[in-house]
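Asker: heads up, no residue letters with this:
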């Protein structure tokens, strides 16, 4: 997860949204610049702003990891930890194990919170989960790394709640990456404020009718007591793995792409080559989710959140990758023609839930024949995880956009040996 | 509103919460900087100046309140003042520019609040300044920056992704950050939009946009600019006379009045030991129902505390919330005898609530009084002298007399001020004598 997150972050440092965030931070703040910025060797920012910038990079292309219940866990936590590790004085630098532990705490807290609401199990409709649980996870992780006391940790979470929550409507726009940038930055700020003695409501996670705490973000919220961690504490990550994306688009797209690729093969066998003129209608069977149902996306952000666009791109090109979302790719004539043929159906059994949904693509040909492809579990999903080679391939491809080969390999080695590092800030320094 | 806000902000620089955020914000410094109210000794980048000054404004719950419920000025004023000092090429911002931006920020908040019926009552889920205040700050800053229409839309869209803090941090040290963050994040949204960052331009229309913060969101089109009526003209704000939740102001007036009656009927002495019970009739507002407050933040959010405090002292003041006063035995004793009642006709809305205080004596007699409209409420606004008195009392805690006079004069003549940086200079405490030549009027 750490490697993938760094990789997509490095890749993301080439995006316009990243440029804006970086420009903004650089203009306003110049001192105590100790934390590294993805893809800008030598440049430093103040810790929370480095976290912000790197968080934006991580989510800029919707290429980062996804969990169940739904959120993007790593992007909300890793940038803050990297920045924080560089902030601490040389005598108290956290070692690799400290770093890993803090990272896992950040993930665990997110998972636990999501399990307090059944609503959280489905694809979100109101608040974007990274902005809700991600902020809390970042606060928890940095509080852990900074070794705050029990009381301070409680206050860090309380303060973080007042910094959480961004509405879904900014998904599929350039502002969405800010959700992860702010989650990691503001959670970090909450921990810093708590470290300086700021106090909040110590029972912010409880459900108190008439005066909402963390429950404000859910219509159904049922917190449960947690057992005190012992030697046998089972981290949620051990029971529920995450999904890694193979191309930079919303997770839901991955099902329809795999289904589209499968029916494309059938079609090529049938017709000898991919001949769009033979197709009368393309039927997509997808779950109901407004923000990813876009028949004619016009920006890269919209394209990354469009079942129709991703299915047609896969049909046309035989693959979906980074270059599928460039301006020219989005607007090409052949693609628009295919998009015109798409109709969307929402079978009742196709639930808007990353554990249960499926994607089906049917080609209704002029000849009357029907070819179908279906995907229940795409390659990269937690049920069919990416192999180590695939993960490394993705990382190398991303990182080499902005870093020379030796650096790319150094990072791989460091992350592989994270538990043995004596000074984990070396990881941040190498970015 | 501007004067009152500046006053409470200056006073707020003496609080603990303020001290903590100031220490925290000092880790950021840069070439562009804005004034920290009450401080000559250091400056901060505009965002953090907005944050810190915003926290100061709400640090004691002493700032203005509107209907539908929110604290409008604190979310906007710190941001526009900080921004006015940070224009590229040292461009001068006039008092009129500042005033207009400020009013835009207030108006936007009012319009948004009217998109939900839920917003008319005292909140339960999200603290309103963090919802509409952030958008108001964003709008005000976009106006001051003279952003074009498209960028203004993006400003509001980006700001929405920063909005919303839960109510449960009310009555804790974190609450003041709600206003600080509203100001800061609104400013940040405007800055990001000016660099061309884009968001969802229909953010105000969508259930998954601003609608996320309400269960009954129903946006309406606004009146045309040709015949535009500003909400502030139709609905004034309430100005607080003492630093506590607005709901307690009804309690204070009712309790003070009961005390007067009690004292009259017993040789001008308060018969404390003869009091058997104190009944306070208020609407049901969970986060202000605290029978046993311990911190200043809790005391400011306690109907019971204010009732007892006003009974004991005859009136409420800044000093009522000092920790010696919170903990004094006479008060704790009276608190034990106090209970709340929630009559069905007492609605939790700042427009319609009332308070009735009844003291039951040992001999069976009871003394009661009721307050429907406290002095300072929009139906019974503070007179100009009392407004100035509040400002002077607050500001003089941290500023010299020439600076406080300078601020009053500048704010009263804001429309004519050519360069509003003079306001910031007074706010930092610079001596007025050196600046009097700079106070040029049109």
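Answerer: Perfect, I can see it now. Just so it is clear, the model here is predicted, and its values are computed rather than measured.

Asker: Give me the three-state assignment for the nearest residue to residue B:140 once chain neighbours are set aside.
Answerer: Leaving aside its sequence neighbours, residue B:140 sits nearest to residue B:105 (Cβ to Cβ, 6 or more residues apart in numbering or on different chains; 2.9 Å). For every residue, glycine as well, the C-beta is placed using N, CA and C. Under the three-state scheme (DSSP: H, G, I helix; E, B strand; the rest coil), residue B:105 adopts helix.

Asker: Likewise for residue B:279?
Answerer: Under the three-state scheme (three-state DSSP), residue B:279 adopts strand.

Asker: beta partners for it?
Answerer: Listed by DSSP bridges, the beta-bridge partners for residue B:279 are residue B:339, residue B:358.

Asker: Quick check: it touching residue B:357?
Answerer: Yes. Counting by Cβ atoms under 8 Å, residue B:357 is a contact partner of residue B:279 at 7.3 Å.

Asker: Between these two, tell me which one has more neighbours.
Answerer: Higher neighbour count among residue B:279 and residue B:357: residue B:357, with 29 against 17, using other Cβ atoms under 10 Å in any protein chain shown.

Asker: which residues does that one contact?
Answerer: Contacts here follow Cβ atoms under 8 Å, 6 or more residues apart in numbering or on different chains; on that basis residue B:357 touches B:251, B:254-255, B:257-258, B:278-281, B:307, B:311, B:368-370.

Asker: and what of residue A:132?
Answerer: Residues near residue A:132 by Cβ under 8 Å, 6+ apart: A:113, A:164-165, A:217.

Asker: Kindly report the same for residue A:285.
Answerer: Counting by Cβ under 8 Å, 6+ apart, residue A:285 touches A:345-347, A:350, A:358-362.

Asker: Can you list which of the residues you listed are found in strands?
Answerer: Secondary structure assignment by DSSP state E places A:345, A:359-362 of those in strands.

Asker: With neighbour count and pLDDT added, can I get these in JSON lines?
Answerer: JSON lines is the format used below for the ones in strands among the contacts of residue A:285 (neighbours: other Cβ atoms under 10 Å in any protein chain shown; pLDDT from 0 to 100):
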{"residue": "A:345", "neighbour count": "11", "pLDDT": "96"}
{"residue": "A:359", "neighbour count": "27", "pLDDT": "96"}
{"residue": "A:360", "neighbour count": "22", "pLDDT": "97"}
{"residue": "A:361", "neighbour count": "30", "pLDDT": "97"}
{"residue": "A:362", "neighbour count": "18", "pLDDT": "97"}
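
Asker: now, which of these sits nearest residue B:334?
Answerer: Of all those, residue B:334 sits closest to residue A:359, with 67.5 Å by Cβ to Cβ.

Asker: Need the three-state assignment for the closest residue to that closest one other than its chain neighbours.
Answerer: Distances taken as Cβ to Cβ, 6+ apart put residue A:255 closest to residue A:359, at 3.2 Å, once the chain neighbours are dropped. Judged by three-state DSSP, the three-state class of residue A:255 is helix.

Asker: What's the local residue count around residue A:255?
Answerer: The local packing of residue A:255 (other Cβ under 10 Å) involves 27 other residues.

Asker: In contact with the closest residue to chain A within the stretch 251-400 of chain B, which residues?
Answerer: Evaluated by Cβ to the nearest Cβ, the stretch 251-400 of chain B has residue B:286 as its residue closest to chain A, separated by 3.7 Å. Contacts here follow Cβ under 8 Å, 6+ apart; on that basis residue B:286 touches A:208-211, B:124.

Asker: same thing with residue A:427?
Answerer: Counting by Cβ under 8 Å, 6+ apart, residue A:427 makes contact with A:82, A:85, A:99, A:411, A:414-415, A:418, A:421.

Asker: Looking at those residues, state which has the most neighbours.
Answerer: The residue in the contacts of residue A:427 with the most neighbours, by other Cβ under 10 Å, is residue A:82 (30 neighbours).

Asker: any weak-confidence spans in the stretch 301-431 of chain A?
Answerer: Low-confidence segments of the stretch 301-431 of chain A (pLDDT under 70): none present.

Asker: Break down it into its strands, ranges please.
Answerer: Ranges of strands within the stretch 301-431 of chain A are A:342-345, A:359-365, A:370-375, based on DSSP state E, counting those that start in this stretch.

Asker: ok, and what's touching the longest one?
Answerer: I take that to be strand A:359-365. Here strand A:359-365 makes contact (Cβ under 8 Å, 6+ apart) with A:252, A:255-260, A:262-263, A:267, A:278-286, A:307, A:311, A:315, A:370-375, A:378.

Asker: out of the strands of the stretch 301-431 of chain A, nearest to residue A:155?
Answerer: Taking Cβ to Cβ, strand A:359-365 is the member of the strands of the stretch 301-431 of chain A nearest to residue A:155, at 44.1 Å.

Asker: Show me which residues of the stretch 251-400 of chain B sit near chain A.
Answerer: Applying Cβ under 8 Å from any Cβ of the partner chain, we find that the stretch 251-400 of chain B lies next to chain A at B:284, B:286-287.

Asker: TSV for those, including secondary structure?
Answerer: Formatted as TSV, these follow (three-state DSSP):
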residue	secondary structure
B:284	coil
B:286	helix
B:287	helix
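
Asker: Let me have those residues in CSV, extended by pLDDT.
Answerer: Formatted as CSV, those follow (pLDDT from 0 to 100):
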residue, pLDDT
B:284, 95
B:286, 92
B:287, 93
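
Asker: Pick the one among those residues closest to residue B:136.
Answerer: Nearest to residue B:136 among these, with distances taken as Cβ to Cβ, is residue B:287, at 22.5 Å.
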